[in-house]
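In: A structural model of the following input is requested.
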Amino acid sequence: MRFAVSTLLVVALAGADVSAARAQASIPASEFAARRDSLAARVGDGVVVAFGGRTPVTDFGPFYQLPAFHYLTNYDEPDAALVLVVEGGRATGTLFVTPIEPRRALYYGRRPDSTEIARATGLAARPFAGLAPTLDSLAAAGRPFWTLADFAAADFARADSLTRGQQFLKGLAARHPGLVVKDAHPLVDQLRARKSPAELALIRRAAAATVAGHLAAMRTAAPGLHEYDLQAVVEAAFLRAGGERPSYGSIVGAGPRGTQLHYMKNRGPLRPGELVVIDAGTQVDGYAADVTRTLPVSGTFTQEQRALYQLVRDAQDAAERHSRPGLSARAAADSSVEVRARGLAALGLIEGAEAQFDPPWPADCARAPQACRQVTLWTIHGISHGLGLEVHDPAQFYGGDRTFQPGDAFTIEPGIYVSGAVLDLLPDTPRNRAFIAKVRPVVARYENTGVRIEDDYVVTAQGTERITPAPREIAEIEAVMQSARKAAAKPAAKPAARGGAAHAR
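Out: Okay, here's the model as predicted:
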């Protein structure tokens with residue numbers, strides 16, 4: 001299958017004017033209202049309570065609204081809560097907001113009043129002080145409650161138990177024994193999983209700005225620089241291309257640090273002969289992109305690097321072929337693993353495509369043999385996640401029949417990471433000793449080689465489209481890097497001499 005490339009991204013790649021991408025995002029108020037209506041239809045009868053983010057407790061950064069709260073309200077001021085009273089599948093919504101103190105407003109700006117809020121969001125607004133008595137009254141009436149906890153990212157929700165919203169609801173439940181409280185996140189996640197055309201447009205714009213950042217890195221990477229030099233170049237390009245901020249902590253890892261998945265210190269040097277893994281993306285109006293490229297610091301891949309890189313690219317291609325509408329996300333992931341398993345076996349980094357080892361973590365190899373395959377030692381993460389208001393956003397293929405559907409936005413990101421330290425983690429068993437003895441000399445040839453290639457995709461009625469066409473083939477990457485170095489090596493043109501009598505004097 002050939003993946004289409006959007007016109008906007010081709011223009012961005014060509015270095016054309018990106019001023020159009022700077023325009024204010026345009027998800028209309030009617031779409032936010034429709035989201036609340038869809039949630040109400042799923043709730044039927046009850047009360048939905050959602051808490052927004054708090055005012056930052058430091059001056060180290062601006063306020064960013066929590067994803068689920070933004071999704072339902074488009075209210076991006078701190079210290080607010082949303083209450084939806086749902087009857088017969090129809091909701092009446094109220095925002096409880098906190099006015100900013102007049103002196104603080106001189107520092108941080110004023111907040112909208114109730115008239116402005118109603119005009120922008122379609123929601124009535126009341127002071128936050130009225131939230132507790134309102135909820136007490138609704139709870140006393142015996143209504144069931146649905147809550148949206150105020151964690152910043154779903155990946156870390158279980159560790160984020162001391163938020164104001166969760167403590168507030170615990171107090172409410174203590175005052176009203178027998179109160180039924182349900183989690184509304186699964187319902188909202190179902191809504192968030194299917195992206196609207198307006199949402200897909202924002203993700204495309206984030207993707208275009210992200211491509212610009214990775215192209216800038218390709219034109220800059222060279223021995224003698226540091227990881228932070230590339231981080232600076234990438235993130236500056238994001239901003240120039242219309243991105244708001246990085247959609248997650250930028251990962252720039254060279255050499256051995258490229259084998260650490262979430263390395264984010266970005267302080268190490270770029271040494272000749274190494275690879276550098278750059279996993280970085282930006283967001284537009286809260287919607288994220290997520291791209292990874294692996295570059296040869298010296299401008300060309302070594303023989304060993306080419307072998308691993310091409311294996312990862314082949315694995316990505318296999319997953320792409322299985323990522324069309326109606327196809328199984330599991331098949332896409334499995335096809336990617338199988339390509340890498342066969343390739344790693346051919347290189348001698350594992351004993352065979354189905355060969356197993358005894359892992360150092362709990363695993364039932366008899367019941368789940370896939371968890372104990374040797375290939376998993378060098379391919380230590382999944383290949384896909386949803387994209388949206390979180391960089392790991394809900395996707396439709398997470399549930400239901402687990403197939404790709406129009407409205408999905410997601411990544412494909414296979415990787416291979418070779419480090420002899422992994423072998424040192426294995427328990428001393430006969431099977432592991434035989435495995436280590438066979439592969440350790442080969443591992444030494446590929447030592448400290450990490451390769452990850454990640455692109456973003458959207459599914460429409462016309463099919464699946466790759467929306468991040470930054471160079472990713474070996475020849476393409478080498479050509480961009482070599483061209484940039486040749487251009488940098490050219491001597492600066494001398495200014496033209498002035499002619500005539502004035503010059504003669």
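In: need the helices for the stretch 151-300 of the chain, in chain order.
Out: According to DSSP state H, counting those that start in this stretch, the stretch 151-300 of the chain carries its helices in the segments 164-175, 185-193, 197-220, 227-240.
In: correction: the stretch 301-450 of the chain
Out: So, for the stretch 301-450 of the chain - with DSSP H, counting those that start in this stretch - the helices run 303-321, 329-347, 375-378, 420-424, 430-445.
In: Now do the contacts for residue 33.
Out: Applying Cβ atoms under 8 Å, 6 or more residues apart in numbering to residue 33 gives the contacts residue 122. For glycine as for every other residue, the C-beta is placed from the backbone atoms N, C-alpha and C.
In: Is it in a helix, a strand, or coil?
Out: Following DSSP: H, G, I helix; E, B strand; the rest coil, residue 33 is assigned to helix.
In: Would you mind measuring from it to residue 112?
Out: From residue 33 over to residue 112 the distance is 18 Å, taken as Cβ to Cβ, to the nearest Å.
In: now swap in residue 400 and tell me
Out: Spatial separation of residue 400 from residue 112 under the definition Cβ to Cβ is 39 Å.
In: what about the two, which has more around it?
Out: Legend: neighbour count by other Cβ atoms under 10 Å for residue 400 and residue 112, higher for residue 112 (16 against 10).
In: doesn't residue 118 make contact with the more buried one?
Out: No: the pair residue 112 and residue 118 does not pass the contact test of Cβ atoms under 8 Å, sitting 9.4 Å apart.
In: quick one, what contacts residue 67?
Out: Residue 67 makes contacts with 153, 192, 286, 388-390, 393, as judged by Cβ under 8 Å, 6+ apart.
In: Quick check on it: phi, psi?
Out: Summarising the backbone geometry of residue 67 under the convention degrees, to the nearest 10, its torsions are phi -60, psi -50.
In: what bits of this protein have low per-residue confidence?
Out: Scanning the chain for pLDDT under 70 picks out 1-25, 60, 157-162, 492-505.
In: wait, what's in contact with the residue nearest the centre of it?
Out: In the chain, the residue lying closest to the centroid (Cα atoms, centre = their mean) is residue 391, at 2.6 Å. By Cβ under 8 Å, 6+ apart, residue 391 lies in contact with 247-248, 281, 283, 288, 290, 385.
In: Next step: those residues restricted to strands.
Out: The strands, defined by DSSP state E, take in 283, 288 from those.
In: Closest one of the contacts of residue 391 to residue 446?
Out: residue 290 (26.1 Å; Cβ to Cβ).
In: Can you tell me the closest non-neighbouring residue to that closest one?
Out: The spatial neighbour of residue 290 that comes closest, neighbours along the chain excluded (Cβ to Cβ, 6 or more residues apart in numbering), is residue 281 at 4.3 Å.
In: Point out the most buried one among the helices of the stretch 151-300 of the chain.
Out: Each of the helices of the stretch 151-300 of the chain was given a mean neighbour count from mean count of other Cβ atoms under 10 Å, and the largest, a mean of 24, is that of helix 197-220.
In: Contact partners for residue 64?
Out: Under the criterion of Cβ under 8 Å, 6+ apart, the contact list for residue 64 reads 53, 76, 286.
In: Give me the secondary structure label for it.
Out: In terms of secondary structure, residue 64 is coil; the call rests on three-state DSSP.
In: What are the phi and psi values at it?
Out: With angles defined as degrees, to the nearest 10, residue 64 shows backbone torsions of phi -130, psi 130.
In: Now do it against residue 56, distance only.
Out: Between residue 64 and residue 56 the computed distance is 9 Å (Cβ to Cβ).
In: burial count for residue 459?
Out: The number of residues packed near residue 459 is 26, by other Cβ under 10 Å.
In: Residue 222 too?
Out: Based on other Cβ under 10 Å, the number of other residues close to residue 222 is 17.
In: I figured it hits residue 299, correct?
Out: Yes: between residue 222 and residue 299 there is a contact at 7.4 Å, judged by Cβ under 8 Å.
In: and for the two, which residues touch both?
Out: The contact lists of residue 222 and residue 299 share residue 485, where a contact means Cβ under 8 Å, 6+ apart.
In: As a check, name the ranges of all strands in the stretch 401-505 of the chain.
Out: Along the stretch 401-505 of the chain, counting by DSSP state E, counting those that start in this stretch, strands occupy 409-412, 415-418, 449-452, 455-460, 463-466.
In: want to try CSV for these, with distance to residue 357 as columns?
Out: As requested, the strands of the stretch 401-505 of the chain are exported to CSV (distance: least, Cβ to Cβ, whole Å):
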stretch, distance to residue 357
strand 409-412, 26
strand 415-418, 15
strand 449-452, 20
strand 455-460, 31
strand 463-466, 34
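In: closest to residue 327 out of these?
Out: Judged by Cβ to Cβ, the one of these that comes nearest to residue 327 is strand 463-466, at 9.1 Å.
In: Determine the set of other helices and strands touching the closest one.
Out: With contacts defined as 3 or more Cβ pairs under 8 Å, 6 or more residues apart in numbering; DSSP states H and E, strand 463-466 has these neighbours: strand 455-460.
In: ok, back up a step: please identify which of the helices of the stretch 301-450 of the chain is closest to residue 179.
Out: Evaluated over the helices of the stretch 301-450 of the chain, closeness to residue 179 peaks at helix 329-347, with 37.9 Å, by Cβ to Cβ.
In: what residues does the closest one touch?
Out: Contacts of helix 329-347 with the rest of the structure, by Cβ under 8 Å, 6+ apart, involve 307-308, 311-312, 314-316, 318-323, 350-355, 373-375, 378-379, 382-384, 397, 402-404, 412, 414, 416, 442, 446.
In: And that helix, what's buried?
Out: When burial is assessed from 16 or more other Cβ atoms under 10 Å, helix 329-347 yields the following buried residues: 329, 331-337, 339-345, 347.
In: Out of those, which is nearest to residue 72?
Out: residue 329 (26.7 Å).
In: Next, work out how far apart the closest one and residue 353 are.
Out: Using Cβ to Cβ, one gets 22 Å for the distance from residue 329 to residue 353.
In: cool, and residue 289?
Out: Going from residue 289 to residue 353 by Cβ to Cβ gives 33 Å.
In: okay, those two: which has more neighbours?
Out: residue 289 (31 against 18).
In: Next up, the contacts around that one.
Out: Listed by Cβ under 8 Å, 6+ apart, the contact partners of residue 289 are 203, 206-207, 209-210, 247, 281-283, 387, 456, 468.
In: quick one on the thing from earlier: isn't the residue nearest to residue 290 right up against residue 244?
Out: No: contact criterion Cβ under 8 Å: residue 281 and residue 244 do not qualify, at 11.4 Å.
In: So for those two, which residue has more residues nearby?
Out: residue 281 (29 against 18).
In: My read is that residue 374 contacts residue 348, right?
Out: No: between residue 374 and residue 348 there is no contact under Cβ under 8 Å: 11.5 Å.
In: The two - which one has more neighbours?
Out: Ranked by neighbour count (other Cβ under 10 Å), residue 374 and residue 348 place residue 374 first, with 23 against 14.
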